[in-house]
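1. Sequence first, predicted coordinates after that:
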Amino acid sequence: MISALSTSFEALGDLLAMDVAFHDHLLRTGLPIEKREHCGKDCLLNKEKYRELCVAHCGAGGIVDQEIIHHQNGYHMSCPFGKQKVAVPLHEDNALNGVLFAVSARDEAFLPEELDKALEILLIMRSHLQKNMKDKVEQACDPRMKAVLDYLEKESQNNVSLSSLAQHLNLSESRTSSWVSKSFKQTFSQLLLDNRLNKAAHALRNGDESILSIALRFRFCDQAHFSNKFKQRFGLSPLRYRKEARESD
């Protein structure tokens, strides 16, 4: 099902002449990273040079996330580099779980009616995604994927290891490592880090807890280590991320 979902993104992109991606804030679709980030040629070049600006606009907690709460059925805009984009939110229990994007992949500008058509098609795709995420994971996924995500959710503030996960799943460490990489398109370490960074970002946006306290709560060895990993993931330091999130409220 995951490969079918990736294929449907490819087909939709070809139809629209746009690069389609889903910013999966909760990492529940199992999509590979190239389908969870803007990976068109222009976007990759811009991120290489101006990653902080890109993340501040389209990343978790960024300008689009803040603006899209006013557009429950999506909207279209241009990024700081002039790329035309269509964005549609996915909500659950009034929480933003992710944003479905389509980004221009052609040189000539899209007409307003073309962007409206792309928005209409993305809304159909959103219904498909929401149906498959209803039980927190796609219905056709291996049930162990849900078990892994539930385990990481429950143990996010504890010392989770590949060994402890393997024991939880009643598998060997080697089989667990291989299965996680195949199912989530990430290594166990990457999956664990993404989970903790996403939770830390939520804590930064929604409270006054100190950065050091957040770092230690989510099992980073110190504030410097946390800040380094956070900036690699979101393009902003934790302090700046919190500041910009609050200024956007």
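-> Noted; the coordinates are in hand. Numbering: from 1, shown residues only.

2. And stretch 9-21, what's buried?
-> Within stretch 9-21, the residues scored as buried using 16 or more other C-beta atoms under 10 Å are Phe9, Leu12, Gly13, Leu16, Met18, Asp19, Val20, Ala21. All C-beta atoms are positioned from the backbone trio N, CA, C, and that covers glycine.

3. which of those sit farthest apart?
-> Using C-beta to C-beta, the pair of these lying farthest apart is Leu16 and Ala21, separated by 12.4 Å.

4. Give me the buried positions along the biggest helix by length in the chain.
-> Secondary structure assigned by DSSP state H gives helix 112-132 as the longest helix of the chain. Neighbour-count burial for helix 112-132, with 16+ other C-beta under 10 Å as criterion, is recorded at Glu114, Leu115, Ala118, Leu119, Ile121, Leu122, Met125, Arg126, Leu129, Asn132.

5. now stretch 211-229
-> For stretch 211-229, the neighbour count (16+ other C-beta under 10 Å) marks Ile211, Ile214, Ala215, Arg217, Phe218, Phe220, Gln223, Phe226, Ser227, Lys229 as buried.

6. of all the residues you listed, which comes closest to Glu108?
-> Comparing the buried residues of stretch 211-229 against Glu108 with C-beta to C-beta places Lys229 closest, at 39.7 Å.

7. Could I get the full set of strands for this structure?
-> Ranges of strands within the chain are 18-24, 75-78, 84-92, 95-104, based on DSSP state E.

8. what's next to the longest one, contact-wise?
-> Spelled out, it's strand 95-104. Strand 95-104 is contacted by residues 12-13, 16-26, 28, 38, 40, 43, 58, 64-65, 68-69, 74, 79, 83-91, 110, 118, 122, 125-126, 129, 133 when judged by C-beta atoms under 8 Å, 6 or more residues apart in numbering.

9. The longest helix of the chain vs strand 84-92, what angle?
-> Angle, helix 112-132 to strand 84-92, by axes from the mean of the first three to the mean of the last three C-alpha atoms, to 10 degrees: 30 degrees.

10. average pLDDT for helix 112-132?
-> Regarding helix 112-132, the rounded mean pLDDT is 84.

11. the inter-axis angle of it versus strand 18-24?
-> Going by the same axes, to 10 degrees, helix 112-132 makes 40 degrees with strand 18-24.

12. residue boundaries of the helices in the protein?
-> Counting by DSSP H, the helices of the chain are 2-16, 41-58, 63-67, 112-132, 143-154, 162-169, 173-184, 188-205, 211-217, 223-234, 238-248.

13. Does anything pack onto the longest one? Which helices or strands?
-> Here helix 112-132 is seen to pack against helix 2-16, strand 18-24, strand 75-78, strand 84-92, strand 95-104 when contacts are counted using 3 or more C-beta pairs under 8 Å, 6 or more residues apart in numbering; DSSP states H and E.

14. Check which residues of the third one are buried.
-> By neighbour count, and taking 16+ other C-beta under 10 Å as the criterion, the buried residues in strand 75-78 are Tyr75, His76, Met77.
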